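> kindly return the folded structure for what I paste below:
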Amino acid sequence: MKKKDFFKNIISGFGGQLIVIILGVIIPRVMITSYGSDANGLVSTTTQIFSYLALLEAGIGQSARVALYKPIACNNKEEISSVVLSAESYFRRITYYYGLGVIVLSAIIPFVIKSELSHLTILLVFLLEGMSGVISFYFIQTPTVLLNADGKGYVNNSINLVNKILGYLSKIILAYFGISIVLIQFVFFLITLIKVIFYRLYIRKKYYWIENEKGKPDYSILKDKNSYLLTEIAWTIFSSTDMIVLSLFISTKLSSVYSVYNLIYSNINLLLNAVAGSILYVLGQVYHRSIKEYEDVHDSMNTVFIGSITILVSVSYILTIPFIKLYTNGVSDVKYVYEQLPLMFAMVQLLSWSRYVNGNLTALGGYAKSTSYISLVEAIVNVVLSIVLVNKFGIVGVLIATVLALPVKVLWCIYISDKIILNRSYKKTVIITGSNYLFFFAVVFLNRFLHMDILSYGAFAFKGFLTAAVIGVMGVGLNILVNRNCLSVMKKYIFKRE
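Presented below is the predicted three-dimensional model:
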């Protein structure tokens, strides 16, 4: 990747995501106050359900991206054209299955989920959300894959940013005037059409040669698509289970409660992912150069990611309840303040990021297939426990299920990475991970004695800044002490001059 593209990806990814997060925080509040928790829960659940249908593209997209790296590096336009045309052909073939799934779901869902909204409203919301997916599959997925593989993720980031801003602003304006949620979904569908136009104009200008090359679809190029698909299925089931279980077994109102808390912690995950996705390629390059050299980079990346998520969730844990009280002030159709939820959501993120670098190494070391089976086991455990616990413990039950399921893959990735691939003891990983876990639980314990009364968003911003500064300094200091090579390694591999 060119250095200028590297920083464009980081800036557009992180900066764009930050803008989307700010707007995204506003939307649920607007939906809840304008339409009620039931409508907000319906929209949130709709998005989660269609994430399952989106799995139809998962294997094709990842397989095509991997297949494109080599011909792009060699500037082999004929082979690039062949891969792109193969992916496009696959995407357009499965669009018909996606469309069929949209129709079937739209007909069934109104009679399945527990909501006080009319069946017609639920049907139309699902149908319009699904049609946006159909358009995306047919016209957008292939250029998205091509741009990511070519190191131009910033183009995708920019188009998605414009798309999100238009979508959020239209939702705020329409909600202000009390327009129905069905019309809001229709506007979202129109914005997807605008997104298609952006992509077609850019691809025709920058990659006009693709259609002129002699490359033809070669489906054998995407032979690994099923392995990637299994991993994505497992992750989507795992990450989408909670809200859907709540909507099916309890109500969409409780799903709305979940979505508000999840808004905080999923945004933390998105911000960290924006940075991680831009520097993760360093691990792959160093691994193939020298396994001994890789160890220091591996431990440093582990320190950076686990340390970062520990600081972020520690700050969020302290500020979540004060924020929820402000955010849902005046909303009385369902209870939003649950003292147990911040701990549960924080642990989900902490455990998930504990396996990030180790999970990446299992793929580099050739253990992606076996790891995908562990991902599937993890997902099944989560689904079963969620169904068992939701009726007894409600929203807390589905989160307990997630927390109990996560260590399965965490331990597996540590075992494969340290014992099998790096052929070393677990000592370094245990010290890095364990020290951050202890730091987080120390924050949880001390927070019992901290009574933070926040009555305005201004006070929230001020006290939030102070909290972040104190925990940030302490967290960074701890991780530098635990891994003293981290700063020098990051400077050498991430910020080196070209």
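
> ok, now which ones touch the closest residue to residue 183 other than its chain neighbours?
In space, and not counting its chain neighbours, residue 183 is closest to residue 174: 6.5 Å by C-beta to C-beta, 6 or more residues apart in numbering. Placement of C-beta: from N, CA and C, glycine included. Taking C-beta atoms under 8 Å, 6 or more residues apart in numbering, we find residue 174 in contact with 183, 184, 187.

> how close does residue 123 sit to residue 103?
From residue 123 across to residue 103, the span is 10 Å (C-beta to C-beta, to the nearest Å).

> scratch that, residue 309 is what I was asking about
40 Å.

> go on, residue 156?
Applying C-beta to C-beta, the value for residue 156 to residue 103 is 29 Å.

> more neighbours: residue 309 and residue 103, which one.
residue 309 (23 against 13; other C-beta atoms under 10 Å).

> what helix or strand is the nearest residue to that one once chain neighbours are set aside on?
Leaving aside its chain neighbours, residue 309 sits nearest to residue 353 (4.1 Å; criterion: C-beta to C-beta, 6+ apart). With secondary structure defined by DSSP states H and E, residue 353 is part of helix 341-354.

> other SSEs contacting that helix?
Helices and strands touching helix 341-354, by 3 or more C-beta pairs under 8 Å, 6 or more residues apart in numbering; DSSP states H and E, are helix 252-279, helix 291-327, helix 395-405, helix 407-414, helix 427-447.

> can you give me the end-to-end span of stretch 448-465?
20 Å (C-alpha to C-alpha, to the nearest Å).

> who's in contact with that stretch?
315, 318, 319, 322, 323, 325, 326.

> the fourth one: how many residues sit nearby?
Put plainly, it is residue 322. Residue 322 has 17 nearby residues by other C-beta under 10 Å.

> quick one: it from residue 457, how far?
10 Å.

> check the second one too.
Residue 318 sits 16 Å away from residue 457, taking C-beta to C-beta as the criterion.

> neighbour count winner among these two?
Legend: neighbour count by other C-beta under 10 Å for residue 318 and residue 457, higher for residue 318 (22 against 12).

> where's that one relative to residue 444, distance?
Residue 318 is 9 Å from residue 444, by C-beta to C-beta.

> so how far is residue 152 from residue 456?
From residue 456 to residue 152 the distance is 43 Å (C-beta to C-beta).

> between these two, tell me which one has more neighbours.
residue 152 (19 against 9).

> what residues sit buried inside the helix or strand harbouring residue 104?
Under the criterion of DSSP H and E, residue 104 resides in helix 77-108. Residues 77, 79-91, 94-95, 98-99, 101-102, 105-106 are the ones in helix 77-108 that count as buried (16 or more other C-beta atoms under 10 Å).

> repeat for stretch 156-165
Going by neighbour count (16+ other C-beta under 10 Å), the buried part of stretch 156-165 is 156, 157, 158, 159, 160, 161, 163, 164.

> before we move on, what about stretch 188-205?
Going by 16+ other C-beta under 10 Å, stretch 188-205 has these buried residues: 188, 189, 191, 192, 195, 198, 199, 202, 203.

> can you list contacts of that stretch?
With C-beta under 8 Å, 6+ apart, stretch 188-205 has contacts from 128-129, 131-132, 135-136, 139-140, 143-144, 146, 155, 159, 162-163, 166-167, 170-171, 210.
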